[in-house]
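>>> for reference, the sequence and a predicted model appear below.
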Amino acid sequence: YSPFTLNGPQTAALADVARVSAVQNSQLIFVNLPLSDSYLDADRLYYEGQFQQFLQTQSNAHGFEVVDWLRAWQGRPELFADPSHINQEGAAAIATQLAQSPTLRTAIWSGNPTQQQPAQ
């Protein structure tokens, strides 16, 4: 594996996706998925913190939203297939959380003003 860096092809690709979304008048929302307690040791937390700062900087620069659930499932190992990947139950929980996310609901309904937003 090549060392992962926060500047390089991944950064350019994110900027391209944000630009295309803006041109198409779509709202880009980046969801940072949860990781398990066993995965988030001190070293990984340090690098994840850098990634969270990177996402916020990119969000501000390119006008997209970030939903950050990195530590949302502390103490919930049953939602992971392994320390860094969600399982089927975790995927269902993510889908439910996304459906209930105010950020996502606002983005979806603001794009189609002819439909009435359901009550929350």
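Cool, got the structure.
>>> got the phi/psi numbers for residue 31?
Dihedral pair for residue 31: phi -110, psi 120, per degrees, to the nearest 10.
>>> from residue 41, how far off is it?
Counting by C-beta to C-beta, to the nearest Å, the gap from residue 31 to residue 41 is 23 Å. No exception for glycine: its C-beta is placed from N, CA and C like everyone else's.
>>> who's more crowded, those two?
residue 31 (16 against 10; other C-beta atoms under 10 Å).
>>> for that one, what are its contacts?
Contact partners of residue 31, counting by C-beta atoms under 8 Å, 6 or more residues apart in numbering, are 67, 69, 94, 98.
>>> you'd agree the last one is up against residue 104?
Yes - in terms of C-beta atoms under 8 Å, residue 98 counts as a neighbour of residue 104; the distance is 5.5 Å.
>>> now the strands: where do they sit in the chain?
With DSSP state E, the ranges of strands along the chain come out as 29-32, 65-68, 80-82, 85-86.
>>> in its sheet, what does the shortest one sit against?
Under the criterion DSSP bridges, strand 85-86 sits next to strand 80-82 (antiparallel) in its sheet.
>>> cool, the second one as well?
When pairing is defined by DSSP bridges, strand 65-68 lines up against strand 29-32 (parallel).
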